[in-house]
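**Q** Got a predicted structure here, sequence first:
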Amino acid sequence: MSGRVRLGSWRCPSGNDVDLFLLRTEGSAVRYLTFAWDSPPPLERPAAAFYRSVIRPAAMRLASEYLGRPLGRGLVIEL
């Protein structure tokens, strides 16, 4: 089954809203996390700090919970 699952959403201190989605592709074991931003990066300093301290750790936790297993070393989340 292909598609995307919304895992969470946040509002940055700047008011920039971001949603987190897990993308699934039929027949593939690879999953992708993607963020949908009101105003995409590069982010202003307060929003970038909020991303690193709040959003990124929560994204990893939510993806791990959804998949029912710890995330491996293959997970890369860049700003």
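**A** Structure received.
**Q** Give me the buried positions along the longest helix belonging to the chain.
**A** Ordering each helix of the chain by length in residues (DSSP state H) puts helix 56-67 first. Neighbour counts over helix 56-67 (16 or more other CB atoms under 10 Å) mark Arg56, Ala59, Leu62, Ala63 as buried. All C-beta spots, glycine's among them, are computed from the backbone N, C-alpha and C.
**Q** Looking at stretch 3-14 now, give me its mean pLDDT.
**A** The predicted model assigns stretch 3-14 a mean pLDDT of 92.
**Q** three-state assignment of Ala47?
**A** helix (DSSP: H, G, I helix; E, B strand; the rest coil).
**Q** Can you check my assumption that Leu33 lies in a helix?
**A** No. Using three-state DSSP, the assignment for Leu33 is strand, not a helix.
**Q** what is it paired to in the beta sheet?
**A** Leu22 (DSSP bridges).
**Q** What's the local residue count around it?
**A** 18 (other CB atoms under 10 Å).
**Q** So it versus Asp17, what's the distance?
**A** As for Leu33, its distance to Asp17 is 17 Å (criterion: CB to CB, to the nearest Å).
**Q** ok, now Ala47?
**A** 11 Å.
**Q** Who has more neighbours out of these two?
**A** Ala47 (21 against 13).
**Q** can I assume the more buried one is in contact with Arg11?
**A** No. Applying CB atoms under 8 Å as the test, Ala47 and Arg11 come out as separate, 10.0 Å apart.
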